[in-house]
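*Asks:* Prediction below, plus the sequence it came from.
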Amino acid sequence: MVELQFTPPENIPAIVQDLRQSFNIGLTKDLSFRKQQLANLISFCEEQTDAIVQALQKDLHKHRMETNVGEISAVVDECKYMIKNLDRLAKSIYTKKRFQMNAMDKTYIRKEPKGVVAVLGAWNYPINLLLLPVVGAIAAGCCIVIKPSEVSANTADLISRVLPQYLDKRTYTVVNGGVPETTALLEQRFGHIFYTGNGAVGKIVMTAAAKHLTPVTLELGGKSPAIVTPDADFNITAHRLLWGKFFNAGQTCVAPDYVLVSKEQTERLVVAFRNVIREYYSTNPQKSESYGRVVNTRQFDRLKAILEKLDPKSIVIGGETDRDELYIAPTVISPVSVNDAHIMQDEIFGPLLPIVPVKDMQEAIDVVNSKEQPLALYVFASSAQSYNNILNQTNSGGALVNDTLMHLQELSLPFGGVGPSGMGSYHGDKSFDTFTHERSTMIKSTAFESVIAARYPPYTEDKETVLNFLVFGFPSSVGGKIKTFFRACSASFRVLFHKQSNA
Ligand code: NAD
């Protein structure tokens, strides 16, 4: 295991101060500078692919394919999207004015960077979850403190040593550390804090942000259910559901956490699961190159403790573990009761999949609604009526029908939680917006001052007539229009004449 160099906490205020100075002199405001940095980030991903693959292999036994698909390709794709769309995204938006008094003026929304921002990543996808928000922040023109998770130490080490060779050091800095360093970081004032990780630390982040009234994005987790309806294609369901469950050994924020299926179909699903696990990882998944490991002994012991508390008869597939290798077999547990004390309370975040048999789909919906709003909800169904019935009666950060994880890979869809699974969202345009302050701007004309002067004190009846006309315009009837026009004109003359005779 690599010895990750932590940033001394006492250096952190100066690091943020330096970034603020770079921001204040406008380095990141230039769109071509941002595009160049995004291009540099692409170069980092492309030239360092092997190093990234190796670091993730060491951290999580992640297969090259999972690293390419789940970590690198999304960052490259997002950079390319931002380079292509930056001019459009950064362009001011002119508004259609509604207040008659402003008819002669210019009103628009300037897209301005939020300043110096902090991006804190999580260990399970240590490239993707750190660098995807960074892409949005670079595009928006922010200066960034980039904080990798110290838990995936090999990847954090690579990022802190190599990424600065690609990005402008004056505007982007990598900070490493655990709790003391992150605490010192969160004490600083930022324009935005973007945090990915568990909800308990999410509360710490939000509390720290509240001290400076800093806006936050919290990308958290939760128990994401998969509902298998009676009309689902069981073969496809088993393949896609287990692919998403055991990708990265179940350590995915949107991994299906538990399965809801009707009592009559449970055994059929277990059989399909058994076949698919054998097909994916052979009869001994420990030997499979395609199967990952738990990140560290702390997480391993937590998952093992769950396994040991379960009824051994309910472990219908897998259950084997090897602490030296941080290996936990792809494991299916069935049947599990909906409020099981050991596996149905907290997010599992590992390769254990409980099956909860239900009477019917209404009971499945009730189970979902009895728990906190999840980050993702998966439905496997053939008919639109069947899945719409479930989508219409439930709530979740995102929803995906007939697959798992793929909605996260689709960067045209904003990604984020709801309630305890998070706040705010990102990917594509949403990432740009997250790090952008929409500055409402008005350029007032200095013409027609004598009419506009009707709003100044001392207030008179004539001024009120002129103001009413300027504010409310003409009534709908033709007679009303004519009357209002003459009344407003004569009042304007009187206001004007009075003003001039007073001058
Ligand atoms: P983690 O331990 O890597 O922590 C995330 C970040 O928080 C790290 O940068 C870490 O240094 C920092 N941190 C940890 N403790 C802290 C403290 N006391 N004070 C300040 N900062 C602290 O990751 P994790 O939380 O174990 O990640 C797993 C959780 O994250 C799961 O719940 C998972 O669902 C969730 N998650 C969500 C998403 C998403 O996109 N919504 C993605 C991945 C993981």
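*Replies:* Now that the structure is in, tell me what you want to look at.
*Asks:* Looking at the residue of the chain found nearest the ligand now. What's its pLDDT?
*Replies:* Among all residues of the chain, G221 sits closest to the ligand, at 2.0 Å; criterion: CB to the nearest ligand atom. The way it works is simple: take the backbone N, C-alpha and C, and place the C-beta from them, glycine included. G221 is assigned a pLDDT of 95 by the prediction.
*Asks:* Would you mind listing what in the stretch 201-350 of the chain touches the ligand?
*Replies:* 201, 204, 219-221, 253, 347, 349 (CB under 6 Å from any ligand atom).
*Asks:* Which residues belonging to stretch 290-307 are considered buried?
*Replies:* Neighbour-count burial for stretch 290-307 flags 291-296, 299-300, 303-304, 306-307 (criterion: 16 or more other CB atoms under 10 Å).
*Asks:* biggest separation within those residues, which pair?
*Replies:* Maximum pairwise distance among the buried residues of stretch 290-307 (CB to CB): 19.1 Å, between Y291 and I306.
*Asks:* all strands in the stretch 201-350 of the chain, in order from the N-terminus.
*Replies:* With DSSP state E, counting those that start in this stretch as the criterion, the stretch 201-350 of the chain has strands at 216-219, 224-228, 256-262, 315-317, 321-322, 327-328, 331-333.
*Asks:* and of those, who's closest to P133?
*Replies:* Nearest of the strands of the stretch 201-350 of the chain to P133, taken as CB to CB: strand 216-219 at 7.6 Å.
*Asks:* Run through who's touching the closest one.
*Replies:* By CB atoms under 8 Å, 6 or more residues apart in numbering, the residues outside strand 216-219 that reach it are 129, 133, 192-197, 199, 202, 205-206, 209, 253, 415-417, 422-426, 434.
*Asks:* Paired strands for that strand, with orientation please.
*Replies:* Here strand 216-219 is paired, per DSSP bridges, with strand 192-196 (parallel), strand 422-423 (antiparallel).
*Asks:* want to throw the ones you listed into TSV with mean pLDDT, mean neighbour count and distance to the ligand?
*Replies:* Converted to TSV, the strands paired with strand 216-219 look like this (pLDDT from 0 to 100; neighbours: other CB atoms under 10 Å; distance: least, CB to the nearest ligand atom, whole Å):
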stretch	mean pLDDT	mean neighbour count	distance to the ligand
strand 192-196	98	27	5
strand 422-423	98	22	5
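*Asks:* want to try a markdown table for these, with distance to L470 as columns?
*Replies:* Below are the strands paired with strand 216-219 laid out as a markdown table (distance: least, CB to CB, whole Å):
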| stretch | distance to L470 |
| --- | --- |
| strand 192-196 | 39 |
| strand 422-423 | 41 |
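*Asks:* Specify the stretch among those that is closest to T229.
*Replies:* Closest approach to T229 among the strands paired with strand 216-219 is made by strand 422-423 (26.9 Å; CB to CB).
*Asks:* For that closest one, what is the distance to the chain centroid?
*Replies:* The chain centre lies 8 Å from the centre of strand 422-423; the measure is CA atoms, centre = their mean, to the nearest Å.
*Asks:* Need the residues that contact that strand.
*Replies:* Under CB under 8 Å, 6+ apart, the answer for strand 422-423 is 202, 216-220, 375, 397, 416-417.
*Asks:* among the buried residues of stretch 290-307, which are in helices?
*Replies:* Those of those mapping onto helices are 299-300, 303-304, 306-307, per DSSP state H.
*Asks:* Just the closest of those residues to V466, please.
*Replies:* Of all these, V466 sits closest to Q299, with 71.5 Å by CB to CB.
*Asks:* List the contacts of that closest one.
*Replies:* Applying CB under 8 Å, 6+ apart to Q299 gives the contacts 251, 349-350.
*Asks:* And I127, by the same measure?
*Replies:* I127 sits next to 52, 56, 67, 71-72, 75, 155, 159 when contact means CB under 8 Å, 6+ apart.
*Asks:* now do 10 Å
*Replies:* Contacts here follow CB atoms under 10 Å, 6 or more residues apart in numbering; on that basis I127 touches 44-45, 48, 52, 55-56, 67, 70-72, 74-75, 121, 148, 152, 155, 158-159.
*Asks:* can you check R302 too?
*Replies:* Counted by CB under 10 Å, 6+ apart, R302 has contacts 294, 346, 348-350.
*Asks:* Next, format the residues you listed as JSON lines and append pLDDT.
*Replies:* Listed next are these as JSON lines, based on pLDDT from 0 to 100:
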{"residue": "V294", "pLDDT": "96"}
{"residue": "D346", "pLDDT": "96"}
{"residue": "I348", "pLDDT": "98"}
{"residue": "F349", "pLDDT": "97"}
{"residue": "G350", "pLDDT": "98"}
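*Asks:* Which one of those residues sits in the busiest neighbourhood?
*Replies:* Scoring the contacts of R302 on neighbours with other CB atoms under 10 Å, the highest-scoring entry is V294 at 26 neighbours.
*Asks:* for it, what are its contacts?
*Replies:* Going by CB under 10 Å, 6+ apart, V294 touches 60-61, 249-251, 300-304, 321, 323, 325-328, 349-351.
*Asks:* same thing with V338?
*Replies:* Listed by CB under 10 Å, 6+ apart, the contact partners of V338 are 258, 260, 344, 354, 356-358, 363-364, 366-367, 370-371.
*Asks:* mind listing which of those residues are in strands?
*Replies:* Those of the contacts of V338 mapping onto strands are 258, 260, 354, 356-358, per DSSP state E.
*Asks:* Out of these, flag the one nearest to D233.
*Replies:* Checking these against D233 with CB to CB, the nearest one is L260 at 16.9 Å.
*Asks:* related to what we said a few turns ago, show me how to select, in PyMOL, the buried members of the contacts of V338.
*Replies:* To isolate the buried ones among those in PyMOL, judged by 16+ other CB under 10 Å, type:
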select buried, resi 258+260+344+354+356+357+358+364+367+371
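*Asks:* which residues of the stretch 101-250 of the chain fall in helices?
*Replies:* Along the stretch 101-250 of the chain, counting by DSSP state H, counting those that start in this stretch, helices occupy 128-140, 153-162, 179-186, 199-211, 234-246.
*Asks:* go on, the stretch 301-450 of the chain?
*Replies:* Assigned helices in the stretch 301-450 of the chain, in chain order: 361-370, 384-393, 406-409, 429-434, 449-452 (criterion: DSSP H, counting those that start in this stretch).
*Asks:* Need those helices in a markdown table (columns: mean pLDDT).
*Replies:* Shown next, in a markdown table, are the helices of the stretch 301-450 of the chain (pLDDT from 0 to 100):
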| stretch | mean pLDDT |
| --- | --- |
| helix 361-370 | 98 |
| helix 384-393 | 97 |
| helix 406-409 | 94 |
| helix 429-434 | 98 |
| helix 449-452 | 81 |
